[in-house]
Structures are given as structure tokens and as C-alpha cells.
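Visitor: Could you look at this predicted model? Sequence included:
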Amino acid sequence: MKFTSDQPIAIESDRLEVREKDGVAVFTGAVSVNQGTTTMRAGQLTVYYAKGEGSVATGSAAIRRLEMSGKVVINSETQTATGDAGSFDMPSETFVLTGKRVVLSEGDNVAVGCKLTVQMNSGKADLQSCGNSGRVQIMLNPKTAKSN
């Protein structure tokens, strides 16, 4: 998974509401976000940006945080992650995906939990269980490993 604070982000949706005084832009309806090799789809995306440092309406905003809801799907090169809600903090490059069933897959390899936290700058990922209702599950297919 890769989102970074140094590449342009293209966003499409059915509707956009910009609240300049609050430093917020809300995209609703079939939201699609593209940055580099990463794409994200969600029902709603709220963009928080630094007040006084540009505007989402003009494309010059200093984005601080993205929050997604409504069946979130993220594709990045060979990986796919799905959940109910997500957030991305631009300064720390931390992505969090939550839900009743968060699924991270790469080919036939699948990991399931309820909260996935990814530190983009270090590549560290943490998948947490659903508490009392279950444990982290992983299915690995040894045949998908690359041979040297």
C-alpha cells in the first residue's frame, strides 16, 4: 500500500462540498482516488487540509488527513485491502483501515482481521483481531512465493 504526501492526488465523485472556513472538503457518491500506483474507492471521502494554505477547490490545498467510509477498497500494485472505514494521515504517512472484516490480499495470500495499520514510510503493517469475536486469520499459498 502506498500513499505519499509528495505526489498529486486525483479525486472523482458524484458530489463535492467544500467548507473553506473549516478546511474541509467532502466528496460523496462513488468516490475514486488515484495517486501513483494506488487507487481507492469509497462511498464518502472527507479531506482535511491546512487552513490558509491553499484550497481543495483550486487544487492547491495542503492536505493533512483523508477519512473514508462506505465500503473502502484500496488497490496498490499487487495488493488489495477492503474494510468499512479508513483514514490516512499525510504528515506521518499512516494508513488505518477498520471494519467488521478487514481483508488484505496479495494473489492467493489473504489476511483477515478488524483493524489494519500501515506505516507507509517504514512498510510496517499491523493487523489486529476483532476482539472477543475472533482472531487474526491468514491463508498463505507457498506456490505464490517467487523462487530465486
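Guide: Structure received.
Visitor: Could you look up the SS state of Asn132?
Guide: Classification of Asn132 by DSSP: H, G, I helix; E, B strand; the rest coil places it in helix.
Visitor: same deal with Asp126?
Guide: Asp126 - assigned by three-state DSSP - is strand.
Visitor: Let me know whether it touches Ala111 as I believe.
Guide: No - Asp126 is beyond contact range of Ala111, at 11.0 Å (criterion: Cβ atoms under 8 Å). To be clear about C-beta, it is placed using only N, CA and C from the backbone, and glycine gets the same treatment.
Visitor: which of those two has more neighbours?
Guide: Ala111 (18 against 12; other Cβ atoms under 10 Å).
Visitor: follow-up on the earlier one: shared neighbours of Asp126 and Ala111, anything?
Guide: Common contact partners of Asp126 and Ala111 (Cβ atoms under 8 Å, 6 or more residues apart in numbering): none.
Visitor: Check whether Val110 really touches Val102, as I assumed.
Guide: No - in this structure, Val110 is not within contact of Val102 by Cβ under 8 Å, at 11.2 Å.
Visitor: quick one, which of these two is more surrounded?
Guide: Under the criterion of other Cβ under 10 Å, the comparison of Val110 against Val102 puts Val102 first, with 25 against 15.
Visitor: What strand or helix carries the more buried one?
Guide: Element membership of Val102 [criterion: DSSP states H and E] is strand 94-106.
Visitor: All set now, cheers.
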